[in-house]
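Engineer: show me how the following folds:
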Amino acid sequence: MGSSSEAAVVDVKPLHDIPWHSITDESRILKQLGTSLDGLLPEEAAKRLKQYGLNALTPPKKPGFFAKLWGQINNVLVWILIAAAIVTAGLQEWIETGLIIGVVIVNMLIGMIQEGKAEKAAEAIKAMLSSNANVVRGGKRFSVEAEDLVPGDIVAVKSGDRIPADLRLLQLTNLQVQEAMLTGESVPISKNLQSVPERAALGDRKCMAFSATTVSAGQGLGVVIATGDNAEIGKISKMVSQVDTVRTNLLVQMEILGRWLATIVVLIAIGAFLLAFFRAKEGFTNAFESAVAIAVAMIPEGLPALVTIVLALGTKKMADHNAIIRQLPCVETLGSLTVICSDKTGTLTKNEMTVVSLRSAGGLYKVSGIGYAPKGGFSKDGHDLNQEEMVSIRALLEGAVLCNDSSLHHDITPDGKEHYRPNGAPTEVALITAGLKAGLDVDTLKKTKPRVASVPFESEHKFMATVHQISPPGAANRNRKVIYVKGAPDRLFPMCKGQLKGDSPQDIDASSDVAMAPMDDAFWREHQDQLSSQGLRILALCRGEVGDAEDLKALNPTALLKRPPSLVMVALVAILDPPRDEAIQAVKVAHEAGIAVKMITGAQLILLYDMLCLQCL
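Structural biologist: From the prediction side, this is the model:
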């Protein structure tokens with residue numbers, strides 16, 4: 001298909017409102033966007049850039065200084081304080097007047113500062129957008145500024161890239177995208193080209209790639225269908241920037257108190273005036289002054305000041321804990337909380353998957369150390385493993401490192417501190433970290449046992465497989481190939497015909513059926529349940545021999561599932577997404593205050609929440 005200059009965009013309704021994920025025919029998608037696989041012509045791209053604007057988030061309209069000032073003044077507490085200041089000034093109570101005016105000024109200063117912090121929080125989303133994009137225009141591929149992308153552009157993405165705009169995928173190879181920022185799911189999503197129903201949830205639109213998400217593996221080609229504010233990240237930005245005016249319980253109660261107080265004061269002042277004028281036969285002026293004096297004495301001018309000071313102290317305390325309060329009365333709403341709903345991944349947890357246990361035929365091994373830094377060790381029955389035992393651990397974990405598309409980068413910060421930067425799926429990075437803790441040289445291992453074929457992970461099949469050339473020096477069979485498979489235990493157990501006899505290097509490296517033990521399905525399921533009950537995510541590690549006559553090009557998930565059981569069960573790996581230390585304490589404090597904590601997650605409910613509760617006891 002050639003470059004499209006004559007094709008016009010079908011503008012039946014706005015492009016961002018069209019359910020692109022439900023359209024099956026690729027040619028229809030391209031036609032409706034007025035483009036082709038060769039991309040837009042530069043002239044057409046420039047025209048559309050004027051039509052649709054830059055691929056950037058529109059900054060929220062910032063109120064001017066006086067608008068912000070009015071926003072801080074325009075609430076019932078401040079108006080009562082101002083009224084009290086006027087009255088005390090009229091009575092020449094200058095000390096009280098100065099105190100009240102000081103409270104008003106402090107209130108406005110705190111509010112203005114908090115308002116500025118809130119605006120910066122909204123602007124922070126811009127940093128999540130990609131700065132460059134590999135685009136195809138006029139049949140040529142080159143890099144452009146991401147903000148210059150327009151609907152209809154053809155964009156290529158690869159592992160490590162940040163998606164520059166919302167894309168409808170057209171071609172892909174093992175493409176996996178980390179969408180935790182949109183869906184809260186920590187596991188990368190395997191993309192495909194299958195259309196889904198129009199009302200499908202965002203996380204189920206696997207034929208789409210969304211702006212600001214990250215490619216963790218593979219590569220793909222897609223057409224831009226939404227940019228800037230029309231992209232999903234743009235909708236989030238709009239929600240952050242839009243602040244609805246709400247009346248807190250405190251403001252409602254203060255207004256009710258103010259109305260009742262004003263009514264009572266006016267009635268008593270009128271009564272006092274009438275009594276003084278008609279009953280006591282005082283002059284009009286004296287009667288009026290007496291009524292005013294009684295009214296002023298009844299107004300609790302210290303109450304608004306006291307309430308404002310308390311709220312200001314509360315706002316300051318919240319700011320010390322990095323919580324932004326735009327308006328002082330909002331602090332009071334925290335005292336009315338009964339339920340806190342929280343996201344799981346990255347909020348209650350660190351989103352740093354960590355291997356904590358390894359169950360093999362020979363025993364249960366504990367792994368110390370939390371996070372991606374390879375600092376920790378292995379133990380069994382409470383005793384650290386010796387060097388000979390660590391040889392077996394390295395052999396057990398070889399498959400976890402080889403059957404892996406992610407990486408872990410070691411950086412040194414300017415201040416000399418070590419920093420480990422993950423690239424790819426958190427679960428896979430956790431396996432690499434475990435291998436490094438065991439002493440594996442990942443780069444050398446991958447060079448000596450190169451990958452010759454692979455089956456990428458797909459959520460439908462719940463496993464990944466890679467085939468490696470195994471050619472140790474002096475080996476009789478220099479063409480030996482081994483397939484390593486990792487994935488959900490319930491999917492891999494039926495694919496296994498046997499298991500390792502033990503954890504000795506000889507048992508682990510054995511390749512003949514005679515050297516294997518029969519598959520004990522009950523044994524592995526029992527230990528899977530034991531580990532799962534501790535709130536851990538369980539992966540099964542398997543391996544198998546690949547015959548010389550086997551066609552590796554035909555290797556795919558369906559082919560593996562249809563094969564007779566041929567794999568060997570190696571081990572179960574237990575992985576934890578550790579809870580944040582501050583989250584544990586926060587849940588404990590909330591429970592002590594009588595506040596229920598609800599975790600919003602798509603994962604199994606028994607896992608993390610139970611762990612948090614147990615650690616809070």
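
Engineer: low-confidence stretches in the stretch 151-300 of the chain?
Structural biologist: Scanning the stretch 151-300 of the chain for pLDDT under 70 picks out 184-186, 240-248, 289, 292-293, 295-297, 299-300.

Engineer: for it, what spans make up the helices?
Structural biologist: Remark: helices assigned in the stretch 151-300 of the chain by DSSP state H, counting those that start in this stretch are 180-183, 232-241, 249-274, 284-298.

Engineer: check I113 and give its pLDDT.
Structural biologist: pLDDT for I113: 71.

Engineer: wasn't it part of a strand?
Structural biologist: No - read with DSSP: H, G, I helix; E, B strand; the rest coil, I113 is helix and lies in no strand.

Engineer: measure it to H321 for me?
Structural biologist: Distance of I113 to H321, given as C-beta to C-beta, to the nearest Å: 15 Å. To be clear about C-beta, it is placed using only N, CA and C from the backbone, and glycine gets the same treatment.

Engineer: re the thing from before, out of the helices of the stretch 151-300 of the chain, the one nearest Y52 is which?
Structural biologist: Nearest to Y52 among the helices of the stretch 151-300 of the chain is helix 232-241 (12.0 Å), distances taken as C-beta to C-beta.

Engineer: which one of the helices of the stretch 151-300 of the chain lies closest to L445?
Structural biologist: Of all the helices of the stretch 151-300 of the chain, helix 180-183 comes closest under C-beta to C-beta, at 28.8 Å.

Engineer: which elements pack onto that closest one?
Structural biologist: helix 232-241 (3 or more C-beta pairs under 8 Å, 6 or more residues apart in numbering; DSSP states H and E).

Engineer: please name the bridge partners of Q499.
Structural biologist: A517, M569 (DSSP bridges).

Engineer: okay, now it: neighbour count?
Structural biologist: Q499: 23 surrounding residues under other C-beta atoms under 10 Å.

Engineer: that one is in contact with A522, isn't it?
Structural biologist: No - look at Q499 against A522 with C-beta atoms under 8 Å: they stay out of range, at 11.9 Å.

Engineer: let's have the helices of the stretch 151-300 of the chain in CSV, adding distance to R451.
Structural biologist: Formatted as CSV, these follow (distance: least, C-beta to C-beta, whole Å):
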stretch, distance to R451
helix 180-183, 27
helix 232-241, 34
helix 249-274, 62
helix 284-298, 85
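
Engineer: can I get those helices in TSV including distance to Q585 and mean neighbour count?
Structural biologist: Shown next, in TSV, are the helices of the stretch 151-300 of the chain (distance: least, C-beta to C-beta, whole Å; neighbours: other C-beta atoms under 10 Å):
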stretch	distance to Q585	mean neighbour count
helix 180-183	24	18
helix 232-241	27	18
helix 249-274	27	14
helix 284-298	46	15
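
Engineer: so for F66, which of these sits nearest?
Structural biologist: Smallest distance to F66 across the helices of the stretch 151-300 of the chain (C-beta to C-beta): 20.3 Å, for helix 232-241.

Engineer: helices or strands next to the closest one in the packing?
Structural biologist: helix 94-123, helix 180-183.

Engineer: ok, which of the helices of the stretch 151-300 of the chain comes nearest A373?
Structural biologist: helix 180-183 (20.6 Å).

Engineer: return the distance of the closest one from the chain's centre.
Structural biologist: 5 Å (C-alpha atoms, centre = their mean, to the nearest Å).

Engineer: and stretch 65-82, by the same measure?
Structural biologist: 37 Å.

Engineer: go on, stretch 339-354?
Structural biologist: Using C-alpha atoms, centre = their mean, the offset of stretch 339-354 from its chain centre is 9 Å.

Engineer: do I have it right that H409 meets V429?
Structural biologist: No - look at H409 against V429 with C-beta under 8 Å: they stay out of range, at 10.1 Å.

Engineer: more neighbours: which of these two?
Structural biologist: V429 (23 against 10).

Engineer: which ones are touching the closest residue in space to the more buried one that isn't next to it in sequence?
Structural biologist: Spatial nearest neighbour of V429, chain neighbours left out: P422 (4.1 Å); criterion: C-beta to C-beta, 6 or more residues apart in numbering. P422 sits next to E352, Y372, S406, S407, L408, H409, V429 when contact means C-beta atoms under 8 Å, 6 or more residues apart in numbering.

Engineer: in helices only, show me those residues.
Structural biologist: Mapping these onto helices (DSSP state H) picks out V429.

Engineer: ok, the contacts of P422 vs T214, which is closest?
Structural biologist: Nearest to T214 out of the contacts of P422 is S406 (C-beta to C-beta; 11.8 Å).

Engineer: who's in contact with the closest one?
Structural biologist: By C-beta under 8 Å, 6+ apart, the contact list for S406 reads S216, A217, P422, N423, G424, A425, E428, V429, I432.

Engineer: out of those residues, who's the most crowded?
Structural biologist: Within these, E428 tops the neighbour count with 29 neighbours, counted by other C-beta under 10 Å.

Engineer: understood, closing this out.
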